[in-house]
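> how would this look folded up:
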Amino acid sequence: RDRHIADVAARGRMAWQKATGYNQRSRGETLMGRWKVVIGPKLKARTFENQKTEAKIGVRVLNWMTGLGHPSFERTA
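Purely as a prediction, here's the structure:
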């Protein structure tokens, strides 16, 4: 922890985030948190094949919901 604090002080927070891959880790943690809230904390299917299908459905649902929050732009001129 002290090394990270020293890195932030020396190079700045944004450079530290880029060097450590913090942004990708943060995105992954946010995605898993969203998954647990929307889909649930565990898979309900018992067999591995059904679990794969359940996960694919969950991914499609989350991607659809994420797409609803993105603005769409159209050229007017």
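
> which residue, other than its chain neighbours, is closest to the spatially most central residue of the chain?
The residue at the geometric middle of the chain, judged as the C-alpha nearest the mean C-alpha position with Cα atoms, centre = their mean, is L31 (3.0 Å). Counting by Cβ to Cβ, 6 or more residues apart in numbering, L31 lies nearest to L62, which is 7.7 Å off, once chain neighbours are set aside. Any C-beta I mention is one placed from the backbone N, CA and C, and that applies to glycine too.

> where's R27 relative to Q17, distance?
The span separating R27 from Q17 equals 12 Å under the rule Cβ to Cβ, to the nearest Å.

> who has more neighbours, those two?
More neighbours sit around Q17 than around the other of R27 and Q17, counting by other Cβ atoms under 10 Å; the figures are 15 against 10.

> sticking with the more buried one, tell me its helix or strand.
In the assignment (DSSP states H and E), Q17 maps to helix 13-20.

> ok, T76 next?
Counting by DSSP H and E, no helix or strand carries T76.

> tell me how many other residues crowd it.
Neighbour count of T76, defined by other Cβ under 10 Å: 4.

> show me where this structure has its strands.
Taking DSSP state E to define them, one finds no strands in the chain.

> and the longest helix for it?
Of all the segments assigned as helix in the chain under DSSP state H, the longest by residue count is helix 48-68.

> got a list of contacts for it?
Helix 48-68 is touched from outside by 31, 34-35, 38-39, 43-45, with contacts defined as Cβ atoms under 8 Å, 6 or more residues apart in numbering.

> tell me the buried residues in it?
Of all the residues in helix 48-68, not one is buried under the rule 16 or more other Cβ atoms under 10 Å.
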